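[1] When you get a sec, could you give me coordinates for this:
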Amino acid sequence: MIARISLLAAVALLAACSEPSQALMTGKNNNAGKPYYDGTGSNFVASGWKPGDKNSWQQELKTRTQRGQNEYTRVH
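    Coordinates of the predicted model:
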């Protein structure tokens, strides 16, 4: 019985070690280190936001919050 428990514990520990790292790597992530307000290069952006303009980014976030896109205010 103890041998089975030890075996199951060993399998569980080894299974946890096989998970790949979720750390950001600059070689795999093109947006690593870039500020969020620089944008993604996608054509699908909000009409009031200009990529690369930090003030425009902050204003767009305030507008979204006021329009009810804040999950906390919707639920509570």
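[2] Quick check: chain neighbours aside, which residue is closest to Glu60?
    Trp49 (4.4 Å; C-beta to C-beta, 6 or more residues apart in numbering). The C-beta positions use only the backbone N, C-alpha and C, and glycine is treated the same way.
[3] how far away is the one you found from Tyr37?
    8 Å (C-beta to C-beta, to the nearest Å).
[4] residues shared between the contacts of the two?
    56-57 (C-beta atoms under 8 Å, 6 or more residues apart in numbering).
[5] Without its sequence neighbours, what residue ends up closest to Gln58?
    Tyr37 (7.8 Å).
[6] quick one: the one you found and Leu61 touch, right?
    No - if you go by C-beta atoms under 8 Å, Tyr37 and Leu61 don't touch, sitting 9.5 Å apart.
[7] Now the common contact residues for these two.
    Residues touching both Tyr37 and Leu61 (C-beta under 8 Å, 6+ apart): there are none.
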